[in-house]
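Visitor: quick one, structure for this:
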Amino acid sequence: RRRATANRILTVLKAGLNHAHHNGRIVSKAAWESVKPFREVDVPKVRYLSDAEAKRLTNACPADLRSMVVAALLTGCRYSELAEMRAGDFNAEARVVTVARSKAGKARHVALTDEGNEFFAAAVRGRKTTDRIFLRADGEPWGKSHQYRPITDASAAARITPAVGFHVLRHTYASRLAMRAVPMAVIAAQLGHADTRMTERHYAHLAPNYVAD
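Guide: Numbering: from 1, shown residues only. Okay, here's the model as predicted:
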């Protein structure tokens, strides 16, 4: 676990040093290019909810957070992506919801199931295209950390230990697709991954026919 953390920190540190070198602040890259990450670090275990846990968590959430949780379970979108989502980002005819700006800075289109299409159709009803789809109970937008305490409390009420963070909902979405034999390329596209490497690293072992294929 500590080695995995060290590898992540090293990656960020090297990126910063490379940026400084590119801008002429550092003469040589030799000092850090010789530093290699730890090898054979265990693959991180992705936590996800069972269908029963997801239902209990959803029922335990206050109404405003419940809408966000359901949307995450139906799309795999990140908290920040849902918080910024506008009514005009939903297209009922195309059955997609658009993430205008993802973590990588690019837009992506998330295909919706029948349930997802119906959920977003109800969520945007009566809203202008520029209105946010999801708002807090006081009518204000969801901020950077507003979800933390409510979802922790909902986890306790739903008897989920340890408490889950919002990102677990994204993992739950992807895991459910993998366990239903959805191709890794499709899951990667839905999550906005550049290719299938990260998707396979986290979810391939859940696919029922992965080894045989």
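
Visitor: show me the helices in this protein, by range?
Guide: Along the chain, the segments classed as helices by DSSP state H run 2-22, 30-33, 51-60, 63-75, 79-84, 114-124, 148-157, 167-179, 184-191, 197-203.

Visitor: and of these, who's closest to K45?
Guide: helix 197-203 (9.2 Å; C-beta to C-beta). Heads up, the C-betas are built off the backbone N, CA and C, glycines and all.

Visitor: what comes up buried for that closest one?
Guide: For helix 197-203, burial by neighbour count (16 or more other C-beta atoms under 10 Å) applies to T199, E200, H202, Y203.

Visitor: residue contacts, the most far-flung residue of the chain relative to its centre?
Guide: The C-alpha centroid of the chain is most remote from V27, which lies 38.4 Å away (C-alpha atoms, centre = their mean). Residues near V27 by C-beta atoms under 8 Å, 6 or more residues apart in numbering: H21.

Visitor: please tell me how far it sits from A107.
Guide: To A107, V27 is 39 Å away according to C-beta to C-beta, to the nearest Å.

Visitor: list the contacts of the closest residue to D64 other than its chain neighbours.
Guide: Nearest non-adjacent residue to D64, counting by C-beta to C-beta, 6 or more residues apart in numbering: A137, 4.5 Å away. Neighbouring residues of A137 by C-beta under 8 Å, 6+ apart: P62, A63, D64.

Visitor: name the nearest residue to L177, sequence neighbours excluded.
Guide: L177 sits nearest to I187 (C-beta to C-beta, 6+ apart), 5.0 Å away.

Visitor: burial count for the one you found?
Guide: I187: 24 surrounding residues under other C-beta atoms under 10 Å.

Visitor: I'd say it and R176 touch.
Guide: No - counting by C-beta atoms under 8 Å, I187 stays clear of R176, with 9.9 Å between them.
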